[in-house]
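Novice: Okay, here's the prediction I keep looking at, along with the sequence it came from:
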Amino acid sequence: MLGAFIMAPSRSEKRSRTLRESGRRADQTARHRARRHAREWDAAAVRGDARPGVDDAVLDAYGVRFGVELPADLRQFYQWRDGQDLDVSKALVHNHMFIPLAASASSKELCDGMIGFDFEDPNWWRRGWVPFTESYGGDHYCVDLDAEASPAVGRVIDFWHDNAKRPVLAPSFADWFGHLVTTMEAGRLKLA
């Protein structure tokens, strides 16, 4: 009887063991979420949607071509994945697809060329906006690099081709993408 009493764990030992087990469960849950998220992105790659990333030379050439310095978080994304294959993909988020850097360059060149002509209002489209998504209707999510007009360089805005509103979606691409990941992990958004 005395041996059983001595061998019984103390209340603090029980609490300690419970905390360790709870920490292990939390770690396992986080690893499970990360694996699930990676599987969803990998599923896009297997379907042929996600394109291989681009190298620094391609990103540097884009910056030189348009006179912008791409932020590190956007560069990192394009080094990982060069958007989605626009011929086989479905929209990823809110009717928008991640566009390859070449498609971003085409859209940017078109919109930059419309400044002062089709876009008479100087705030309709700014040369410092870099599109990284495109909707089926021709709208874009853009990283705003226009230091002259923007109080927050690097923020993500929603460019609507037929409306003057430019809602701010996030303070940076990293914040925007982080919110997308969190939304996917919570099961509120699935890849199409």
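Specialist: Thanks, I have it. Residues are numbered from 1 along each chain as shown.
Novice: What are the contacting residues of the host helix or strand of Asp82?
Specialist: Assigned by DSSP states H and E, Asp82 belongs to strand 81-84. Residues outside strand 81-84 that contact it (CB atoms under 8 Å, 6 or more residues apart in numbering): 41, 44-45, 49-54, 92, 97-101, 103-104, 132. Bear in mind the C-beta positions are built from the backbone N, C-alpha and C, glycine included.
Novice: Which elements pack onto the helix or strand that comes right after that strand?
Specialist: Counting by DSSP H and E, the next helix or strand C-terminal to strand 81-84 is strand 96-98. Packed against strand 96-98 by the contact rule (3 or more CB pairs under 8 Å, 6 or more residues apart in numbering; DSSP states H and E) you find strand 81-84, strand 133-135.
Novice: In a markdown table: those strands, plus mean pLDDT, distance to His161 and mean neighbour count.
Specialist: Converted to a markdown table, these look like this (pLDDT from 0 to 100; distance: least, CB to CB, whole Å; neighbours: other CB atoms under 10 Å):
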| stretch | mean pLDDT | distance to His161 | mean neighbour count |
| --- | --- | --- | --- |
| strand 81-84 | 93 | 19 | 23 |
| strand 133-135 | 95 | 9 | 23 |
